[in-house]
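Colleague: output the structure for:
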Amino acid sequence: MKSKTTALLLSVFLGVVGVDRFYLGYTGLGVLKLMTVGGLGIWWVIDIIRIATWKMKDIKGNDLV
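Modeller: Numbers count the residues shown, from 1 in each chain. Predicted coordinates:
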């Protein structure tokens, strides 16, 4: 199980380059996010909101703890 706090901090500070997605196991989406600079910032903000509101799960479908 992955930590919500770690995922949120990674998303806020390094999410624009996809580090949060790599941490959660979504390698392909991490690469895509890296190549698009966080979806021009839009995807980055959406991921922060999703992690902060408990909507994001890891690659195995587990909730963040």
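Colleague: what about the helices in the chain?
Modeller: Using DSSP state H, the helices found in the chain span residues 4-14, 19-23, 27-35, 37-40, 42-52.
Colleague: redo those helices as JSON lines? Include distance to residue 63 and mean pLDDT.
Modeller: From N, CA and C alone the C-beta is placed, and that goes for glycine too. Listed next are the helices of the chain as JSON lines, based on distance: least, C-beta to C-beta, whole Å; pLDDT from 0 to 100:
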{"stretch": "helix 4-14", "distance to residue 63": "8", "mean pLDDT": "97"}
{"stretch": "helix 19-23", "distance to residue 63": "15", "mean pLDDT": "97"}
{"stretch": "helix 27-35", "distance to residue 63": "18", "mean pLDDT": "96"}
{"stretch": "helix 37-40", "distance to residue 63": "24", "mean pLDDT": "93"}
{"stretch": "helix 42-52", "distance to residue 63": "11", "mean pLDDT": "96"}
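Colleague: could you identify which of those helices is most buried?
Modeller: helix 19-23 (a mean of 22; mean count of other C-beta atoms under 10 Å).
Colleague: what packs against that one?
Modeller: Applying 3 or more C-beta pairs under 8 Å, 6 or more residues apart in numbering; DSSP states H and E, we find helix 19-23 packed against helix 4-14, helix 27-35, helix 42-52.
Colleague: taking helix 42-52 as reference, get the angle to the second one.
Modeller: Which is helix 27-35. Counting by axes from the mean of the first three to the mean of the last three C-alpha atoms, to 10 degrees, helix 27-35 lies at 130 degrees to helix 42-52.
Colleague: residue numbering should commence at 45 henceforth.
Modeller: Understood, numbering begins at 45; the last thing we discussed is helix 71-79.
Colleague: off-centre distance for helix 71-79?
Modeller: 10 Å (C-alpha atoms, centre = their mean, to the nearest Å).
Colleague: quick one on the thing from earlier: and the helices of the chain as CSV, adding distance to residue 105?
Modeller: Formatted as CSV, these follow (distance: least, C-beta to C-beta, whole Å):
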stretch, distance to residue 105
helix 48-58, 15
helix 63-67, 15
helix 71-79, 15
helix 81-84, 23
helix 86-96, 15
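Colleague: many thanks, we can stop here.
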